[in-house]
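Student: Could you work out the structure for the sequence below:
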Amino acid sequence: MQSKTLCSAFAICAAIGLIALGVAGCGGDDGGDSGSAAATDSTGATTAAGEDAAPSGNARAPSGDAVRSAKVEIEDFAYNSDPVTIDEGGKVIWINRDPEAHTATAEDGSFDTGTIEEGKIASETFKQPGTYTYVCSIHPQMHGTVVVVEAG
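Tutor: Just a heads-up that it's a prediction; the model follows:
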């Protein structure tokens, strides 16, 4: 009788363990904000914990074609990465790694970061799909492009 009781207890424990594993694996990612913890990268950009990262370290946007935010490093009088592609409503963060001050100023006048000193950052949120070309107003030989795609 004792071995039947042990077998029943083992079967119940195994079933409970399988159910617990199944429930733990059911936390689907609907892309919404479920109150999860946030992480901040070295640029100060915040992304929800657990989001897939793009090759540049930025979170993938819901469309999969772009990122929610993109980092552009200004170094050696150039914008790196260029171009960047983000979803509408996404943000571009410029980080100045040069000893000289720079700007990111839209050629159509739609945005201007103002002067970004060495080691400082500036950002812009893009609410409308389109292609935005920009220059450094201090060093007009510097050119960059932001491509904003419609959120899918």
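Student: so what's the closest residue in space to residue 121 that isn't next to it in sequence up against?
Tutor: Take residue 121 and drop its neighbours on the chain: the residue closest to it by Cβ to Cβ, 6 or more residues apart in numbering is residue 95, 5.0 Å away. C-betas here are computed from N, CA, C, even on glycine. Neighbour list for residue 95: 43, 71, 72, 73, 74, 120, 121 [criterion: Cβ atoms under 8 Å, 6 or more residues apart in numbering].
Student: got it, and residue 106?
Tutor: 112, 132, 133, 134.
Student: re earlier: list buried residues within the contacts of residue 95.
Tutor: For the contacts of residue 95, a neighbour count by 16 or more other Cβ atoms under 10 Å gives the buried set as 43, 71, 72, 73, 74, 121.
Student: Can you pick out the most distant pair from the residues you listed?
Tutor: 43 and 74 (12.1 Å; Cβ to Cβ).
Student: Mind picking the one among the buried ones among the contacts of residue 95 that's closest to residue 100?
Tutor: Nearest to residue 100 among the buried ones among the contacts of residue 95, with distances taken as Cβ to Cβ, is residue 74, at 9.0 Å.
Student: quick one: secondary structure of the closest one?
Tutor: strand (DSSP: H, G, I helix; E, B strand; the rest coil).
Student: my guess is it meets residue 97, correct?
Tutor: Yes - between residue 74 and residue 97 there is a contact under Cβ atoms under 8 Å: 6.1 Å.
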